[in-house]
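K.L.:
okay, sequence plus prediction incoming.
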Amino acid sequence: MELTQGVRFDSLGLSPEIMRALHERNIELSTPVQAGCIPPMLAWKDVIAKAPTGKTFAYGIPIVEHIDPADESVQAVILAPTRELAIQITDELRDIATYRAGVRMVCLYGGQPIGKQIDILKKKPQIVVATPGRLADHMKRRTVRVETAQTVVLDEADRMLDMGFIHDVTRLLDRMNKRKNLGMFSATISREVMDIAWVHQRDAEEITVRADEENKPDILQYRLEVTHDGKAEAITKIMDGGEFDRAMVFCNTKGSTERIAKFLQMRGVDAECIHGDIPQKKREQVMDKFRKGELRVFVATDVAARGIDVDDVDVVFNCDVPDENQDYVHRIGRTGRARRHGMAVSLIADYPSKMRIDNIAKCTDNAIVPARMDADGKLSAESAPGK
């Protein structure tokens, strides 16, 4: 089934408790992936969905609806590739379950003391959100039993398998063989994703969200030539001149994130960075600040930024042009969400970067327009020669 639009949540037969939670967040209309996945998952059907965003509610709402608060066993397991995404999924599920008394959940990931997680597991959560490695660790220690799970979800399945979790995932699926349904959610459906679907799913509903003009993000994409030393200066001027509230800045290396964040701070910009070498607790604090709107500019590498899912990023800067075409698509997809207008600016400081951005524009079918910046930091399309 290929979808291009959502439906009203009040047409999906949801409980008053779920509708109340949605109403409090002023959410009335579902996204296409939510409209496509909620009915079959409520009916305990397997689902394989290809969609860039909006996936957590697509499986989270049916899971919370199905939970029996009187049953203290694990009833649903959600696997995510990174701790950042696992934390965010748990936060969103808590929002959905606000008015469903007795629904408990736990988030299990590496980098957090295992003792703290064991204490929460003793409270008998029915929903387990976890990274594959940490869940396997708890299962070895016998601190969690997931054989009772009725629903299993793989979120960002493509990324999870790319990161080398395929054996962990298949072993976990083999253990959770009493499940009633399996949901697989992915931005791209790779051969590995299809292999797992073929082995572990039965008559799955296939949902593909087509990026037509109706739900395609509204993102103006610029490329701006700068000097190597002028990147932080350009970002500062654009942030000041464009009246942007929030920005994400992507760098290819840990060193670049540190440098750019420091240069922005020196220019009076409220900026912080995260990357793989920053302690997990600090990373969570920075991400939480950005989600809550308490941080103006968030600087990160691609891997560290996985799991940051906010709807109101005004502008994305590619401080370094990414090495992978798909990373460009992921990066700019952080803006222009929820039918808002967004902007993406790629800073080009050398010839190899120019070649890469040309290649990305061609391969991803994105119009990346050469831009000029005026004295006030306003961007506009560069006029073609002779015009």
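P.N.:
Thanks, I have the structure now.

K.L.:
put the alpha carbons of stretch 223-237 into CSV.
P.N.:
What follows is stretch 223-237, C-alpha atoms only, in CSV (Å, rounded to 0.1, in the frame of the first residue of the first chain):
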residue,chain,number,x,y,z
ARG,A,223,25.3,26.0,-1.4
LEU,A,224,27.5,28.9,-0.2
GLU,A,225,31.2,29.3,-1.1
VAL,A,226,33.3,30.3,2.0
THR,A,227,36.9,30.1,3.1
HIS,A,228,38.0,27.2,5.4
ASP,A,229,38.3,29.7,8.2
GLY,A,230,35.0,31.5,7.4
LYS,A,231,32.5,28.7,8.2
ALA,A,232,31.7,29.8,11.8
GLU,A,233,31.5,33.4,10.6
ALA,A,234,29.0,32.5,7.8
ILE,A,235,26.8,30.5,10.2
THR,A,236,26.8,33.4,12.7
LYS,A,237,25.9,36.0,10.1
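
K.L.:
the domain parsing of this protein - what is it?
P.N.:
2-209, 218-381 (automatic domain parsing).

K.L.:
any idea how far the first one is from the chain center?
P.N.:
What it means is domain 2-209. Distance of domain 2-209 from its chain centroid, counting by CA atoms, centre = their mean, to the nearest Å, is 14 Å.

K.L.:
please work out the average pLDDT along it.
P.N.:
Averaging pLDDT along domain 2-209 gives 90.

K.L.:
repeat for stretch 239-246
P.N.:
Stretch 239-246 comes out at a mean pLDDT of 83.

K.L.:
tabulate the CA atom coordinates of it in CSV.
P.N.:
Only the C-alpha atoms of stretch 239-246 are listed here, as CSV (Å, rounded to 0.1, in the frame of the first residue of the first chain):
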residue,chain,number,x,y,z
MET,A,239,21.7,33.0,12.1
ASP,A,240,21.6,36.7,13.0
GLY,A,241,20.4,38.0,9.6
GLY,A,242,17.8,35.3,8.9
GLU,A,243,16.0,35.5,12.2
PHE,A,244,16.3,31.8,12.7
ASP,A,245,15.5,30.4,16.2
ARG,A,246,17.1,27.0,16.0
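
K.L.:
show residues contacting that stretch.
P.N.:
238, 247, 269, 290, 293, 295-298, 310, 312-315, 343, 373-374, 376-379 (CB atoms under 8 Å, 6 or more residues apart in numbering). Heads up, the C-betas are built off the backbone N, CA and C, glycines and all.

K.L.:
next SSE downstream of the helix or strand encompassing residue 87?
P.N.:
Secondary structure assignment for residue 87, by DSSP states H and E: helix 83-96. Where DSSP H and E defines the elements, the next helix or strand beyond helix 83-96 is strand 105-108.

K.L.:
who are the packing partners of that following strand?
P.N.:
Packing contacts for strand 105-108, counted by 3 or more CB pairs under 8 Å, 6 or more residues apart in numbering; DSSP states H and E, involve helix 83-96, helix 114-121, strand 127-130, helix 132-141.

K.L.:
which residues does residue 78 form a beta bridge with?
P.N.:
Beta-bridge pairing for residue 78 (DSSP bridges): residue 129, residue 153.

K.L.:
show me what contacts it?
P.N.:
59, 63, 86, 89, 127-130, 152-153, 155.

K.L.:
out of the residues you listed, which end up buried?
P.N.:
59, 63, 86, 89, 127-130, 152-153, 155 (16 or more other CB atoms under 10 Å).

K.L.:
of all those, which comes closest to residue 168?
P.N.:
The shortest approach to residue 168 among the buried ones among the contacts of residue 78 belongs to residue 130, at 10.4 Å (CB to CB).

K.L.:
residue contacts, that closest one?
P.N.:
By CB under 8 Å, 6+ apart, the neighbours of residue 130 are 77-80, 86, 107-109, 138.

K.L.:
neighbour-wise, which one of the residues you listed leads?
P.N.:
residue 80 (29 neighbours; other CB atoms under 10 Å).

K.L.:
so what's it up against?
P.N.:
86, 89, 129-131, 155-156, 160, 307.

K.L.:
skip the chain neighbours and tell me the closest residue to it.
P.N.:
Nearest residue to residue 80, sequence neighbours excluded (CB to CB, 6 or more residues apart in numbering): residue 86, at 4.3 Å.

K.L.:
that neighbour is in contact with residue 112, isn't it?
P.N.:
No: using CB atoms under 8 Å, residue 86 is not in contact with residue 112; the gap is 10.2 Å.

K.L.:
residue 187 is nearest to which of the helices and strands packed on strand 105-108?
P.N.:
Between residue 187 and the helices and strands packed on strand 105-108, the tightest spacing by CB to CB is seen for helix 83-96, at 12.1 Å.

K.L.:
coming back round to it: from the contacts of residue 80, which single one is nearest residue 122?
P.N.:
Looking across the contacts of residue 80 and measuring by CB to CB, the closest to residue 122 is residue 130, at 16.3 Å.

K.L.:
how close does the closest one sit to residue 229?
P.N.:
Distance, residue 130 to residue 229, using CB to CB, to the nearest Å: 44 Å.
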